[in-house]
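[1] no FASTA, just this:
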C-alpha cells in the first residue's frame, strides 16, 4: 500500500537567515525612536506642516490621519490600508529631532521586494526611485538600478537582488538633483538627509539596527527651504527570507526518508 505523505510547511522555514542591518556611516550613532502621533510641531525631524495638506507629513500618512481629501497632488490611496501605525524611526539622538546623515544597508538575504505605497508631491509624475550598490568596503557606488519611474503609482511593486551593501536614491523630477541615503553623496543639499526610515518588524530581540521590513519616507525638496514632510514618496522595503543551505540539506534528507517510506515493499 502506498501511503499519502503530507510535508509540514514549517520545515520550509527552518533556519531562516534574513533581516537587513542598517549601518550608520556618519559620526552620529543611529537609534530607534518611538512616537505616538504626528502633530506638525517639528518634534521629530520629519514632523512638520506639509505644503501638500494640513495633515500630510509622513507621520500622518503612517497613522492614517492623512486622507485624500486633506492632501494635494495625491497619487495612491489614502489612508493606507492596512494602516501601519507609529513605527519606530531611525534618528541621530534619543528625542528624534535630528536625522542620521549617512546610512546604508547590509543585506541579510539577497532577495528584496519594494512596494510603492503612496506619493504626495507636486513632482510625483517625475520623481524616480532607485537602489545603488556599494563595493564591499561601502566607500564607492558600483552600480545603480531604477526601481520606480515617475509615472508609476501605488501599489506598484518590484524587486532587486543585493549581495553587497546597498542604499536608495531619489532623482527629483527626472532632473539633475539626486538624493542618497548616504547624504554626503547628494548632488546638492549635501549632508542633508532626505530619507526617513521606519522599522516595521524587528528581526529579533537584541538585533540592534537589524529588521525584516522598513518603510522609507522621502523628501524631494531642499531641507532648508522645503516643508520637510518626508511623504513625497513612501515605499516599503522587505527582505525576503530564504532557507540556509543547512535547512535545504535537512529538508532534502527528510524528503528522501519520506519517499522511501512511501514506496511499497514487495515481500517474497
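    Looks like it came in fine. Just so it is clear, the model here is predicted, and its values are computed rather than measured.

[2] show me the contacts for residue 71.
    Taking Cβ atoms under 8 Å, 6 or more residues apart in numbering as the definition of contact, the neighbours of residue 71 are 50, 52-53, 55-56, 78, 120. All C-beta spots, glycine's among them, are computed from the backbone N, C-alpha and C.

[3] so where do the helices sit in the chain?
    For the chain, the helices defined by DSSP state H cover 58-63, 245-262.

[4] mean pLDDT for those: which is lowest?
    The weakest mean pLDDT among those belongs to helix 245-262, with a mean of 47.

[5] what residue is smack in the middle of this structure?
    The C-alpha lying nearest the average C-alpha coordinate of the chain belongs to residue 237 (Cα atoms, centre = their mean; 2.9 Å).

[6] and the gap between the residue nearest to residue 226 when sequence neighbours are not counted and residue 167?
    If the residues on either side of it in the chain are set aside, residue 226 comes closest to residue 219, at 6.1 Å by Cβ to Cβ, 6 or more residues apart in numbering. With distances taken as Cβ to Cβ, to the nearest Å, residue 219 is found 16 Å from residue 167.

[7] neighbour-wise, which of those two wins?
    For residue 219 versus residue 167, the count of surrounding residues by other Cβ atoms under 10 Å is larger for residue 219: 29 against 24.

[8] That one and residue 110: what is the separation?
    Applying Cβ to Cβ, the value for residue 219 to residue 110 is 29 Å.

[9] From residue 101, how far off is the nearest residue to residue 192 once chain neighbours are set aside?
    If you skip the residues right next to it in sequence, residue 192 has residue 223 as its closest partner in space, 4.1 Å away by Cβ to Cβ, 6+ apart. Separation of residue 223 from residue 101 (Cβ to Cβ): 11 Å.

[10] Need the residues touching each of these two.
    residue 193.

[11] who has more neighbours, those two?
    Between residue 223 and residue 101, counting by other Cβ under 10 Å, residue 101 is the more crowded of the two (20 against 17).

[12] residues contacting residue 36?
    residue 86.

[13] now residue 227
    Taking Cβ under 8 Å, 6+ apart as the definition of contact, the neighbours of residue 227 are 48-52, 57, 221.

[14] Contacts only, for the nearest residue to residue 125 once chain neighbours are set aside.
    Using Cβ to Cβ, 6+ apart and skipping the chain neighbours, the partner closest in space to residue 125 is residue 150 (4.7 Å). When contacts are counted by Cβ under 8 Å, 6+ apart, residue 150 touches 123-128, 173-174.

[15] And for residue 72?
    Applying Cβ under 8 Å, 6+ apart to residue 72 gives the contacts 52-53, 120, 122.

[16] Could you find the closest non-adjacent residue to residue 118?
    Distances taken as Cβ to Cβ, 6+ apart place residue 76 nearest to residue 118, at 3.5 Å, with adjacent residues excluded.

[17] ugh, wrong one, residue 28
    In space, residue 28 is closest to residue 92, 4.0 Å off (Cβ to Cβ, 6+ apart).
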